[in-house]
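Visitor: Okay, structure incoming, though there's no sequence with it:
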């Protein structure tokens, strides 16, 4: 007596094939994105690492606080604000980095009645909102577009776009330059 009834075997193989095909098809966006991350990390060096250190390093927290004057005082007649925008990556880059890649962050110092306050906030771009929802960087970075590997990353990004894994409809800019 056979353990497996061979009459049903001709149905089991097509069913397993269809199930596998369905799983691959329904997870195609995730599979392409995973391959994208694998290709992005494949390079042994980390170009642009110097843009993420020291004075150029990212500011992780959004703050609103009073500025303490160490020496002297702020004239009470002086009133105004200084605002600057610059790159500040919300997530650590998957691999390469360039100043143009960082998410936009506004930094402001407000002076009024002899006091100063500092505030910083991310610019809420469509790109940053998508990446926050995903919990990781999603878009092609300027620092990754080098050589054949960069061409492959751009191709994979186009496939991810077609599959709806990332959306460029509302824009993909970083808003980090003025």
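Guide: Received it, and whenever you're ready, just let me know what you need. Predicted, not measured: the structure shown is a model, and the values here were computed from it.

Visitor: residue closest to the middle of the chain?
Guide: Nearest residue to the geometric centre of the chain (Cα atoms, centre = their mean): residue 137, 2.7 Å.

Visitor: Please confirm that that one is located within a helix.
Guide: No - counting by DSSP: H, G, I helix; E, B strand; the rest coil, residue 137 falls outside a helix, being coil.

Visitor: Just the pLDDT for the spatially closest residue to it that is not a sequence neighbour.
Guide: Distances taken as Cβ to Cβ, 6 or more residues apart in numbering place residue 91 nearest to residue 137, at 4.8 Å, with adjacent residues excluded. C-beta here means a position set from N, CA and C on the backbone, and glycine is covered the same way. According to the prediction, residue 91 has pLDDT 90.

Visitor: and the longest helix along the chain, average pLDDT?
Guide: Determined from DSSP state H, the single longest helix within the chain is helix 9-26. The pLDDT scores in helix 9-26 average 76.

Visitor: and that helix, how far from the chain's centre?
Guide: From the chain centre to the centre of helix 9-26 is a distance of 35 Å (Cα atoms, centre = their mean, to the nearest Å).

Visitor: thinking again about what came up before, make sure the residue nearest to the centre of the chain is actually in contact with residue 95.
Guide: No - in this structure, residue 137 is not within contact of residue 95 by Cβ atoms under 8 Å, at 9.7 Å.

Visitor: where do the contact lists of the two overlap?
Guide: With Cβ atoms under 8 Å, 6 or more residues apart in numbering applied, the contact sets of residue 137 and residue 95 do not overlap.

Visitor: circling back: how far away is the residue nearest to the centre of the chain from residue 17?
Guide: 35 Å (Cβ to Cβ, to the nearest Å).

Visitor: what's the burial count for residue 128?
Guide: Counted with other Cβ atoms under 10 Å, the neighbours of residue 128 add up to 19.

Visitor: all strands of the protein, in order?
Guide: Ranges of strands in the chain, per DSSP state E, are 64-66, 80-87, 104-112, 115-122.
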